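>>> take a look and give me a structure for this.
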Amino acid sequence: MKSKNLYILPIESNVGSLIVSMGMMEFLSRRISKVAYFHPIIKDCNEPDEHITFMKEHFGLDQEYDMCYSYSVKEVEKLVSKGKINQVYEKIIEKYKILEKEYDFVLCEGISKISFSGAIDVDLNVEIGKNIGSSFVSLISGNKKSKEEILDEIKIEIDSIEKEGCKVIASFLNRVDEKIGKDLKEEESKTPLFVLPETPYLSYPTIEEIREKLNGKDIFVNQKDLKNVFSQSKVVAMTLENHLKRMEENDLIVVPGDRSDIIVGSIAAMYSMNYPHISGIVLTGGIKLNKHIKKLVSGFRKLSVPIISVETDTHTTSTHIDNVQAKITSKNIKKIELAKEIFEECIDPEVLENSIEAMESSVMTPAMFEYSLFEKARKAKKKIVLPESLDHRILKAADVLLRRKVVDIVLLGDEEKIRQKMAMEGLKLEGVEIIDPATSDLTEAFVGEFMELRKAKGVTKEQAKDVMANVSYFATMMVHKNIADGMVSGAIHTTADTIRPALQILKTKPETPIVSSLFFMCLETEVLVYGDCAVNQDPTAEELATIAISSSDTASSFGIQPKIAMLSYSTGSSGKGADVEKVIEATKIAKEKRPDLLIEGPIQYDAAIDKDVAKTKLPDSNVAGQATIFVFPDLNTGNNTYKAVQRSSGAVAIGPVLQGLKKPVNDLSRGCLVEDIVNTVAITAIQAQIPEN
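The predicted model follows:
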């Protein structure tokens, strides 16, 4: 990107600047190698700034805390009162210039004008931005405002900024009523308008925030349930029957500690299908639970209602709760994911990128690569089947993929069991399709198709029925019959369990005799391709050539320019032996089959990746020192190398990605993380976009 910085300008308080800052930081960091965060003025130097803390923790920023800000509000007001406002600008510029030198881009977030006293008669945010040569993103609240009021406010703000010689490249309107938001999207404006809808969940406090503000004590608390949010607090001073009538979803119940009937009744309602779920209970007055009630409550299994106790009386407690401001912290995953989802849905990436004048860069970070996976997958939304539907990692990954609209998901298995598992994990997976092979109308047709495919092997109908009861075979048949576009498995099954059905049903592409694999190795500033590190134990020269060609085609489909290094312990003619001869022959075969490709071999790893070494060992090579694809001579070398690089350098290894099949099927490691599954599904969806040979 050509711009070096961008300034987020909140026009008023409680406008949701952290949501926009988070969204912009993710948007930028996926396109730019190194992005810094700068919050020039913070509220108080004596306690950690919530926005800086969040950005550092969530995005893993390597900035020192004191390099993220320059002054507190009080310090600025003191200097301004002494006529030293230029000193404020000088220090801010100094800090900014350090960040500009060390980073490719600096995202700045201002502080609302209301934070300052009336003695400051200039818009400090605009003056700061002007002094560091920044363009602005204005952030305006649409809460309880008409369309006309919002448009007037946008115009006034843009005009005032432009009068200072600065530029507004976009305006974000947060907390906008749904109907007004639709009308605003159709309005013409000097700058792009991005409308974020009113989302009550983000403004709901968590039980943990209440406990912290009220100095509450834990009575019955599961740490994960402290993340529960509540929509409203309800003081209960009535009988249990009347309380149950008025109970609503996500209520926070505030009740004296001696009201055993209300406490037990509220918890019992959680186990009833006829009543809504509350988020928590606050016991007031410092009254201890009766020992028998405590014993009773402790016997409820998997109690998901945190119960805390406070010393203040009920009225005072209720007042304190009403004054608690909701926050988004790096530990509140649900709020973060929702905020990201809202941001991504409200923006037009192309318009926003053009607005900040994207600069060209050959750098590719893991975040940028992962983002490109999502973007490519979304272009032609594919349907991916996940047969291991009772694994909690699979369900969590499916939730991320569905909410971010990357793919459509099909889960296999007993629907009731899957729904129960989803509920236990706190997931809804809206829009997911569930198919039970045991009862599906597809099964009979699949049995017949499998018999036809395997008739040369003499497969009987009973054998075919047994095979189709296996979820991996059923899922693969869905891909074969174009009911799904791809399949991902391996979280609880072996690699053989994933590949065997694919070979029997899908088979390999024409002129591709073997299935192979590759890993995308996401280093700090580039993405390399390693193949084959997971499937073929000791490939022949012909098979090595196939792996090289398959890896080249796969890399190209993911935007990586193929420069193939056929690895060996010898570079050029420096060594001899059967292993070297195999690589020499493989290189020859690959070049004959694909003369359009840049291929070098045999070559050692250091000569393939290091330009200085390449100048010495192969000075005239178009691949040496700049290889993007590394083909290993055997599984032992490849598997150990990728793991060594992954562990020693901190590289993100995405894969294994299977290649060579007519339709995409991919394998997971049984130790995979949720993010591994998400990435593999996105890759599978992209592979499904490639026309069959």
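>>> doesn't Lys34 make contact with Asp104?
Yes. If you go by CB atoms under 8 Å, Asp104 and Lys34 touch, sitting 4.8 Å apart. Placement of C-beta: from N, CA and C, glycine included.
>>> where does the stretch 101-250 of the chain have low pLDDT?
By pLDDT under 70, the low-scoring segments of the stretch 101-250 of the chain are 114, 117-122.
>>> surely Phe630 forms part of a strand?
Yes. Counting by DSSP: H, G, I helix; E, B strand; the rest coil, Phe630 is found in a strand.
>>> tell me who's in contact with it.
By CB atoms under 8 Å, 6 or more residues apart in numbering, the residues touching Phe630 are 528-531, 565, 567, 605, 608-609.
>>> what about stretch 498-506, average pLDDT?
Stretch 498-506 shows a mean pLDDT of 91.
>>> contacts for it?
Outside stretch 498-506, the residues that reach it (CB under 8 Å, 6+ apart) are 450, 453-454, 470, 472-473, 475-477, 479-480, 487, 489-490, 515, 535, 658, 661-663, 665-667.
>>> can you list phi and psi of Asn290 for me?
phi -60, psi 140 (degrees, to the nearest 10).
>>> from the contacts of stretch 498-506, which would you call buried?
450, 453-454, 470, 472-473, 475-477, 479-480, 487, 489-490, 515, 535, 658, 661-663, 665-667 (16 or more other CB atoms under 10 Å).
>>> after the helix or strand where Met25 lies, heading C-terminal, what element do we hit next?
Using DSSP states H and E, Met25 maps to helix 17-29. As assigned by DSSP H and E, the chain's next helix or strand after helix 17-29 is strand 35-38.
>>> now that next one: buried residues?
Neighbour counts over strand 35-38 (16+ other CB under 10 Å) mark 35-38 as buried.
>>> any idea how far the residue nearest to Val432 when sequence neighbours are not counted is from Glu100?
Closest residue to Val432 apart from its sequence neighbours, by CB to CB, 6 or more residues apart in numbering: Ile409 at 5.2 Å. Ile409 sits at a distance of 43 Å from Glu100 (criterion: CB to CB, to the nearest Å).
>>> compare those two (neighbour count), which wins?
Ile409 (25 against 18; other CB atoms under 10 Å).
>>> off-centre distance for the helix or strand that one falls within?
Ile409 is part of strand 408-412 when elements are defined by DSSP H and E. When C-alpha coordinates are averaged (CA atoms, centre = their mean, to the nearest Å), strand 408-412 and its chain have centres 19 Å apart.
>>> swap in stretch 542-556?
On CA atoms, centre = their mean, the centre of stretch 542-556 falls 30 Å from the chain's centre.
>>> buried set for that stretch?
Within stretch 542-556, the residues scored as buried using 16+ other CB under 10 Å are 542-555.
>>> now swap in stretch 366-374 and tell me
Applying 16+ other CB under 10 Å to stretch 366-374 flags 366-374 as buried.
>>> for it, give me every contacting residue.
Contact with stretch 366-374 is made by 26, 29-33, 404, 406, 520, 522-523, 527, 558-559, 651-652, 654, 679, 682-683, 686, as judged by CB under 8 Å, 6+ apart.
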